[in-house]
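Chemist: predicted model follows, preceded by the sequence.
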Amino acid sequence: RPPARVPPPPAPQDAGTWAAAQGAVHGRETTVRITVQGRSATAVVLEALRVRVAGRAEPVPGHVYAMDEGCGGALTPRHFAVDLDKDRPLARPVAGNDAGTPIPAVRLPYRVSAEDPEVLLVTARTAGCDCRWFLELDWSSQGRTGTVRIDDRGRPFRTSAVEGLPRHTYDTSARRWTPDAQADSP
């Protein structure tokens, strides 16, 4: 929609509902925060995190609206990066940062239990497609194995490239969307 037909952005905790009501998709990148915890003191080993692309299409036309969402939380996440433009995208562990403290990249497997959870922060990016994708997390514990699908409430996540689209930020003093002065910044 053009800026005059887009309501002001909500509080960060309501951004997902607001975006869905606008028919919006994530532009350029999608960040997924996954908290994994066992049900008891018994260890569960997180064996692998896979990316599955369910479909690719031409990028979505329209406008780009900047939404700021903090991630918060008391656990330091393990960071993964995904390049959705690759033929076979991988969830690569990458170094992170927690309030200025570097966090080294650590490959799976990880061990979790009820007392020792892990937070996985997956950032998937595209510069060239409208991508529909989901994750699969393999686990094992006491001779049992399984795979958990991680998606957007039963649907694949959706991330679209935004190159060349008009970009807007919300000017709270003027109470309107304005062209983004830093639209060319990555």
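Modeler: That came through, no problem. Numbers count the residues shown, from 1 in each chain.
Chemist: please name the residues that touch the residue nearest to W177 when sequence neighbours are not counted.
Modeler: Excluding its sequence neighbours, the residue lying closest to W177 (C-beta to C-beta, 6 or more residues apart in numbering) is P3, at 3.7 Å. The way it works is simple: take the backbone N, C-alpha and C, and place the C-beta from them, glycine included. The neighbours of P3, taking C-beta atoms under 8 Å, 6 or more residues apart in numbering as the test, are H63, Y65, H168, R176, W177, T178.
Chemist: same thing but 7 Å
Modeler: H63, H168, W177 (C-beta atoms under 7 Å, 6 or more residues apart in numbering).
Chemist: can you list the residues you listed in JSON lines and add pLDDT and neighbour count?
Modeler: Formatted as JSON lines, these follow (pLDDT from 0 to 100; neighbours: other C-beta atoms under 10 Å):
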{"residue": "H63", "pLDDT": "93", "neighbour count": "17"}
{"residue": "H168", "pLDDT": "94", "neighbour count": "19"}
{"residue": "W177", "pLDDT": "94", "neighbour count": "22"}
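Chemist: among these, which lie within strands?
Modeler: Per DSSP state E, strands hold the following members of these: H168, W177.
Chemist: as JSON lines, the contacts of P3 with distance to D14 would be great.
Modeler: Output for these, formatted as JSON lines (distance: C-beta to C-beta, whole Å):
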{"residue": "H63", "distance to D14": "20"}
{"residue": "H168", "distance to D14": "19"}
{"residue": "W177", "distance to D14": "17"}
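Chemist: what is the nearest of the contacts of P3 to D116?
Modeler: In terms of C-beta to C-beta, no member of the contacts of P3 lies closer to D116 than H168, at 43.0 Å.
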